[in-house]
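Enquirer: Turn this into a structure:
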Amino acid sequence: MLRVHFFRLAITNACYALARSILPCNERIGFPRGTFSLVELLRGEKLRGRVICDKQELPRFVKASMVRRCRMKQDNYQPWPIFWSEHRQARLVGPTLALMDERQRLAIESLFGPWLYSCDPSYRSWKRPDPILLGGSWTSLKMQFGNGFYHWLMDVLPRLAVLDELPADIKILVPAQLASFEQEALELLGLKDRVRPTPETHLVVEHYFFCSPTGMTGGMNPYAVESLRKLLLNKKNPTFSGPTQFYIPRTGTRVPVNSRQICAFFESLGWSVVYPEKMTLAQQIALFSKANAVCADHGAALTNLVFAPSSCRVLELFADNFLNACYEIICAARGISYRHLIFEADELFQPHIDLSILEREASDLFQE
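Expert: Residues are numbered from 1 along each chain as shown. This next block holds a predicted model:
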């Protein structure tokens, strides 16, 4: 199935490349004419801004780690420069508001870098309406991979870590529709009145500040982890009191076929079964900030491990046909003890969790 996906992607990219070479391009119509690098312009002193770091130092992962088992190369996307840059009369185009220069090229950093730029909807967009003119100072949080709890916390919000280096009156372009947790995060950060929901796909901004993504989505990104802790850890709900040992079941898709039995198993051990999606973001931060031991089906709620103490112990449960090391990576950045178990699953990625294996392999996790 994975080979079929990459074959289709290669064919799609080839078709777009052919159309890009044939069709004309100007400010209103035509596919972008390739890419350019903002960080190279910064290094050549052709832009004002600052490179925060060129490369992050990453830990090594052993053969038995989920990073190695899932084969997604999530620890390979370095160097990945983290920076901000300043632009006058900036042209932002497409669904992700990518930065376009006078030669109709897009900044590759606004397309999530050299590995994924060809898939960005702005790079594939060929028609642009009349531009909307925006006066004043702006930055943008619209980007590829901006949807969902994990992506909002790990990919989007860390871009705001440099906000204190930008003009005090800067405003922020955000997606036209924000989920409740996205709105809450902006409110917790005191930014609710500074954001502009932006459905438009063609803007000319008087004074634009580009804040780079801080790492490949799903990749090893200690900077993002520490930035999130600085931004949000002190925003936890001080009145919320939750358990310190808990299990997080999946709901919706990829639910284990014996989910009820798993919940009953953990309750028999004196653990709590919690559903973070039913909590506010501030409550989730508070819950994980006191966590001693966590077991969970693979899912976005584990993004909150960013806020867990380094003394926390984590066990993640996987379907054998749906592996991803993004939460092991968060634990590695925090120094949290992490383990995983993999179980056979059906074609809907629904595993059957063998409780005897769970009890045997994780007995120490269930002890105070």
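Enquirer: And the strands in the protein, which stretches?
Expert: For the chain, the strands defined by DSSP state E cover 35-36, 48-53, 82-93, 98-100, 106-107, 132-140, 171-174, 195-197, 202-211, 245-248, 272-273, 293-297, 313-319, 337-343.
Enquirer: Now mean pLDDT, distance to T239 and mean neighbour count too, for these, in CSV please.
Expert: C-beta here means a position set from N, CA and C on the backbone, and glycine is covered the same way. Formatted as CSV, the strands of the chain follow (pLDDT from 0 to 100; distance: least, Cβ to Cβ, whole Å; neighbours: other Cβ atoms under 10 Å):
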stretch, mean pLDDT, distance to T239, mean neighbour count
strand 35-36, 96, 49, 18
strand 48-53, 97, 35, 14
strand 82-93, 98, 35, 21
strand 98-100, 98, 42, 26
strand 106-107, 98, 44, 24
strand 132-140, 98, 33, 17
strand 171-174, 98, 29, 20
strand 195-197, 98, 27, 14
strand 202-211, 98, 33, 21
strand 245-248, 98, 19, 22
strand 272-273, 98, 18, 14
strand 293-297, 97, 22, 24
strand 313-319, 98, 26, 22
strand 337-343, 97, 29, 18
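Enquirer: can you tell me which of those strands comes nearest to R159?
Expert: Ranking the strands of the chain by proximity to R159 (Cβ to Cβ) places strand 202-211 first, at 4.3 Å.
Enquirer: how about that closest one as PDB, C-alpha atoms only?
Expert: Extracted C-alpha coordinates of strand 202-211, given in PDB (Å, rounded to 0.1, in the frame of the first residue of the first chain):
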ATOM      1  CA  HIS A 202      -3.700  36.200  -2.100                       C
ATOM      2  CA  LEU A 203      -2.400  39.000   0.200                       C
ATOM      3  CA  VAL A 204       0.100  41.900  -0.100                       C
ATOM      4  CA  VAL A 205       1.300  42.700   3.400                       C
ATOM      5  CA  GLU A 206       2.900  46.000   4.200                       C
ATOM      6  CA  HIS A 207       5.300  44.700   6.900                       C
ATOM      7  CA  TYR A 208       5.600  40.900   7.100                       C
ATOM      8  CA  PHE A 209       7.600  38.800   9.400                       C
ATOM      9  CA  PHE A 210       8.100  35.200   8.400                       C
ATOM     10  CA  CYS A 211       8.700  32.800  11.300                       C
END
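Enquirer: That strand pairs with which strands, parallel or anti?
Expert: According to DSSP bridges, strand 202-211 forms sheet pairs with strand 82-93 (antiparallel), strand 132-140 (parallel).
Enquirer: Quickly list what the nearest residue to V294 once chain neighbours are set aside is bridged to.
Expert: Residue nearest to V294 in three dimensions, not counting chain neighbours: V314, with 5.1 Å by Cβ to Cβ, 6 or more residues apart in numbering. Beta-bridge partners for V314, by DSSP bridges, are V294, Y338.
Enquirer: JSON lines please, covering the strands paired with strand 202-211 and showing distance to R260.
Expert: Converted to JSON lines, those look like this (distance: least, Cβ to Cβ, whole Å):
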{"stretch": "strand 82-93", "distance to R260": "44"}
{"stretch": "strand 132-140", "distance to R260": "44"}
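Enquirer: Look up how far P222 lies from L228.
Expert: Distance from L228 to P222, counting by Cβ to Cβ, to the nearest Å: 11 Å.
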